[in-house]
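Asker: task: produce atomic coordinates for the following.
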Amino acid sequence: MPDTAYLPRISAFLKAAGPGLVVMLADTDVGSLITAAQSGARWGYSLLLLQLLLVPILYIVQELTVRLGTATGRGHGALIREHFGPAWAWISFGGLVVAGIGAIVTEFSGIAGIGDLFGVPRIVSLGLPVAILLWLVFTGGYRCVEVVAIAVGLFELVFIGLAIAAKPDPGEILASFAHIPLNDGGFRVLIAANIGAVIMPWMIFYQQSAIVDKGLGWQHARDSRLDTLVGAIISQCVMGAILIAAAATIGKGGRGTAQGLDTVGQLADAFTPALGPWLGHVAFGVGIIAAAFVALNVVALSLAWGFGDLTGRAHSLTLSPRQAPAFYGAFTLVVVAGAIGVQLVPNLVALNVAVEVMNALLLPLALGFLILLATRALPPDRRVEGTYKWVVYVVSGLTIAFAMVGVLDGVGLL
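Answerer: Reported below is the predicted structural model:
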């Protein structure tokens, strides 16, 4: 007879899995992907090592949200309000709003750019995802929203195929690790942008609230951590893949330039010579749309959940729109306003890099509250303590330091 002893373990993992994978698939949003593309176009493979180093950093940050969500059953904004007062809670939410608005505009910009590439009118390319998102959230419930997000998000793996099709030179990749131009201000700006593209305030709010909405408790913490680790690895594989594809085509191993890459269409043309114009555009378009759809869902939900945390109004996908009108109203407002606002965006690539640098600027606020809560707001036996606490401090401090140096470079102060 086959050994079935492992089935309960798998069942437990599948019950807890979802919030970590969804938030990590959303992490590779349009802004993140285009930032990685600019990194490869401008600096070849030099920033690939950073993508690898960001895997444990990303996991450490999001593991704290797992700890907080499963141990307290409270959303991130609610915990800040409870332990630091409403003023600090609104300040934290303000950072979330700034990051969320930037993200939503870039997601819709990416979708519109793909629509323009195939001659789809913007009223369709923007209106259709709005309608699908509203229908999904208003009628689906938490489990349905999660399953659809994962199913769509896995199409982002197409970028790994694009990287393979670009035929990168392994020797050049390894050689790039020994030649990292930290003395160049432009390079440091992209370090900050890549950090901001991987660690974003809305990820913290989303995963903690999703854990609460899914009904996960401390008994699910171990499986939720594994869910988060798997998601972090997938996320950075996608980021690394698009950087490699850009470096091997636009950057040609580090000898290229990012000049003239102002639209999604130009990026698609540059990324897909090995696949031919039609198939290349389709593959690139599928990846961008999948990334944008998942991120739109996650960012809008994080804002709606965060608003509910601060105001005390009902905010759960387990409730109907009639039971939680403020929650669903906030979600609708964010999605519709983002679609309308995208018409004002003149330069997609420049906007995306700027948004990620802005995320890096918000890191001290986002990580500061996260670490304070993880070390003070939890029951003593569930807090971050001992060696791991110092690992969290050191990793967070170095991440913030590198991000701030890049931000200062970006505004001309270094």
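
Asker: output the lowest mean pLDDT helix or strand found in this protein.
Answerer: Ranking every helix and strand in the chain by mean pLDDT, DSSP states H and E puts helix 348-361 at the bottom, with a mean of 67.

Asker: downstream of it, the next helix or strand is which one?
Answerer: Sequence-wise, the next helix or strand downstream of helix 348-361 (DSSP states H and E) is helix 363-376.

Asker: and that next one, what does it pack onto?
Answerer: Identification of packing neighbours for helix 363-376 by 3 or more CB pairs under 8 Å, 6 or more residues apart in numbering; DSSP states H and E yields helix 48-72, helix 76-84, helix 86-117, helix 201-214, helix 386-410. For glycine as for every other residue, the C-beta is placed from the backbone atoms N, C-alpha and C.

Asker: now those in JSON lines, with mean pLDDT, distance to residue 160 and mean neighbour count?
Answerer: Converted to JSON lines, those look like this (pLDDT from 0 to 100; distance: least, CB to CB, whole Å; neighbours: other CB atoms under 10 Å):
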{"stretch": "helix 48-72", "mean pLDDT": "92", "distance to residue 160": "13", "mean neighbour count": "22"}
{"stretch": "helix 76-84", "mean pLDDT": "91", "distance to residue 160": "32", "mean neighbour count": "22"}
{"stretch": "helix 86-117", "mean pLDDT": "88", "distance to residue 160": "19", "mean neighbour count": "22"}
{"stretch": "helix 201-214", "mean pLDDT": "92", "distance to residue 160": "22", "mean neighbour count": "28"}
{"stretch": "helix 386-410", "mean pLDDT": "81", "distance to residue 160": "26", "mean neighbour count": "16"}
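
Asker: so which of those is nearest residue 276?
Answerer: Proximity to residue 276, assessed across the helices and strands packed on helix 363-376 by CB to CB, is greatest for helix 86-117 (14.6 Å).

Asker: quick one: the closest one to chain centroid distance?
Answerer: 11 Å (CA atoms, centre = their mean, to the nearest Å).

Asker: okay, the angle between it and helix 363-376?
Answerer: 130 degrees (axes from the mean of the first three to the mean of the last three CA atoms, to 10 degrees).

Asker: from what I can see residue 111 touches residue 292, true?
Answerer: Yes - contact criterion CB atoms under 8 Å: residue 111 and residue 292 qualify, at 4.9 Å.

Asker: identify the contacts common to these two.
Answerer: Both residue 111 and residue 292 are contacted by 30, 129, under the criterion CB atoms under 8 Å, 6 or more residues apart in numbering.

Asker: Serialize the helices and strands packed on helix 363-376 to JSON lines and add fields for distance to residue 225.
Answerer: Listed next are the helices and strands packed on helix 363-376 as JSON lines, based on distance: least, CB to CB, whole Å:
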{"stretch": "helix 48-72", "distance to residue 225": "6"}
{"stretch": "helix 76-84", "distance to residue 225": "17"}
{"stretch": "helix 86-117", "distance to residue 225": "24"}
{"stretch": "helix 201-214", "distance to residue 225": "11"}
{"stretch": "helix 386-410", "distance to residue 225": "12"}
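
Asker: of all those helices, which lies closest to residue 343?
Answerer: Of the helices and strands packed on helix 363-376, nearest to residue 343 by CB to CB is helix 86-117, at 8.4 Å.

Asker: just after that closest one, pick out the following helix or strand.
Answerer: Next along from helix 86-117, by DSSP H and E: helix 122-153.

Asker: residues contacting residue 295?
Answerer: Taking CB under 8 Å, 6+ apart as the contact definition, residue 295 lies against 26-27, 29-30, 103, 107.

Asker: now do the contacts for residue 400.
Answerer: Residue 400 neighbours (CB under 8 Å, 6+ apart): 363-364, 367.

Asker: got the contact list for stretch 383-397?
Answerer: So stretch 383-397 is in contact with 56-57, 60-61, 64, 67, 367, 371, 374-376, 378, going by CB under 8 Å, 6+ apart.
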